[in-house]
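# Sequence and predicted structure below; questions after.
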Amino acid sequence: MTEDRSSTSNTINVGSRCSELALCQTNLVIGMLKDKNPNLNFNVIKMTTKGDQILDKALNKIGGKSLFTKELEVALDDKRVDFVVHSLKAFNNSSSWTNYRCGH
């Protein structure tokens, strides 16, 4: 979400990885939300994560699943996005992600 955005804005910024699967999941969620809230507009903010960039090493050797979520977490904390869509399996089991999964 941008700083100049008013609380009455009907545009929701949605964070997503750039992968085909992530964008498909994001568009599915947006479609369901639009069905229930036709007055809302959605802006997909595509993000490339460290995990997307490092393709030649095993995940457990370079940081595990958080490699695909850190940028999403930062965007939420910085309020650049209102929410993110991402496969739950990729999140660490840390308590901080419980807040995001449940509507931070």
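Sure, I can see it.
# contacts, neighbours, all on C-alpha from now
Fine.
# By mean pLDDT, point me to the weakest helix or strand of this structure.
Within the chain, no helix or strand scores below helix 95-101, which has a mean of 45 by mean pLDDT, DSSP states H and E.
# State whether residue 26 and residue 13 are indeed in contact, as I suppose.
No. At 11.3 Å, residue 26 does not count as touching residue 13 under the criterion of CA atoms under 8 Å.
# After the host helix or strand of residue 32, which helix or strand is next? Please name it.
Per DSSP states H and E: residue 32 is located in helix 20-36. Moving toward the C-terminus from helix 20-36, the first helix or strand encountered (DSSP H and E) is strand 41-47.
# which helices and strands does the following helix or strand past that next one pack with?
Where DSSP H and E defines the elements, the next helix or strand beyond strand 41-47 is helix 50-53. Helices and strands touching helix 50-53, by 3 or more CA pairs under 8 Å, 6 or more residues apart in numbering; DSSP states H and E: there are none.
# Can you tell me the centre-most residue of this structure?
The residue lying closest to the centre of the chain (CA atoms, centre = their mean) is residue 84, at 2.5 Å.
# In contact with that residue: list those residues for me.
Contacts for residue 84 (CA atoms under 8 Å, 6 or more residues apart in numbering) come out as 14-16, 72, 76.
# what's the most distant pair in the residues you listed?
Using CA to CA, the two most remote members of the contacts of residue 84 are 16 and 76, lying 11.2 Å apart.
# where does the chain dip in pLDDT?
Across the chain, the ranges flagged by pLDDT under 70 are 1-8, 59-60, 63-65, 88-104.
# Give the bridge partners for residue 14, please.
residue 44, residue 83 (DSSP bridges).
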